[in-house]
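In: Sequence and predicted structure are below.
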Amino acid sequence: MSGLADRESALQRTPAYVAAREQEEHARLEADEGHRLIQEGRAKLESARRRRQAARKLRDSVFEVAHVGR
């Protein structure tokens with residue numbers, strides 16, 4: 001069993017393994033950043049939808065007041 005553990009330990013120190021592990025970490029960080037940007041985008045979209053809805057309500061109420069005033 002110790003021989004297998006020694007071989008695995010040696011493998012984990014090889015340049016190819018280290019490079020693959022670094023690439024994996026880099027990809028994970030990029031995915032995290034992408035997720036954060038998506039969340040920010042969703043928040044901005046929802047905020048814009050709320051502002052648009054409020055503006056539409058205001059426009060409709062102004063329109064109603066204009067018609068009632070006639």
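Out: Received, thanks.

In: Poorly predicted segments of this protein, please.
Out: Counting by pLDDT under 70, the chain contains low-confidence residues at 1, 69-70.

In: mind checking the longest helix of it?
Out: With residue count as the measure and DSSP state H as the assignment, the chain has helix 15-68 as its longest helix.

In: Report the distance from that one to the chain centre.
Out: Using Cα atoms, centre = their mean, to the nearest Å, we find the averaged C-alpha position of helix 15-68 to lie 8 Å away from the chain's own average C-alpha position.

In: Now do it: which elements does it pack against?
Out: With contacts defined as 3 or more Cβ pairs under 8 Å, 6 or more residues apart in numbering; DSSP states H and E, helix 15-68 has no packing partner among the helices and strands. All C-beta atoms are positioned from the backbone trio N, CA, C, and that covers glycine.

In: change it to 10 Å
Out: Secondary structure elements in contact with helix 15-68, counted by 3 or more Cβ pairs under 10 Å, 6 or more residues apart in numbering; DSSP states H and E, are helix 2-12.

In: Next, the residues that contact the helix it packs on from outside, please.
Out: The set of residues external to helix 2-12 that reach it, using Cβ atoms under 10 Å, 6 or more residues apart in numbering, is 17-18, 21.

In: Now do that helix against helix 15-68, angle only.
Out: The directions of helix 2-12 and helix 15-68 differ by 60 degrees, with axes from the mean of the first three to the mean of the last three Cα atoms, to 10 degrees as the criterion.

In: So which bits of helix 2-12 are buried?
Out: Using 16 or more other Cβ atoms under 10 Å as the test for burial, helix 2-12 gives no buried residues.

In: and it, C-alpha only, in CSV?
Out: Extracted as CSV, the C-alpha positions of helix 2-12 are listed here (Å, rounded to 0.1, in the frame of the first residue of the first chain):
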residue,chain,number,x,y,z
SER,A,2,2.8,2.4,0.8
GLY,A,3,4.3,1.8,-2.7
LEU,A,4,1.0,2.9,-4.3
ALA,A,5,0.9,6.0,-2.0
ASP,A,6,4.5,6.9,-2.9
ARG,A,7,3.7,6.6,-6.6
GLU,A,8,0.6,8.7,-6.3
SER,A,9,2.6,11.3,-4.3
ALA,A,10,5.4,11.3,-7.0
LEU,A,11,2.8,11.6,-9.7
GLN,A,12,1.2,14.6,-8.0
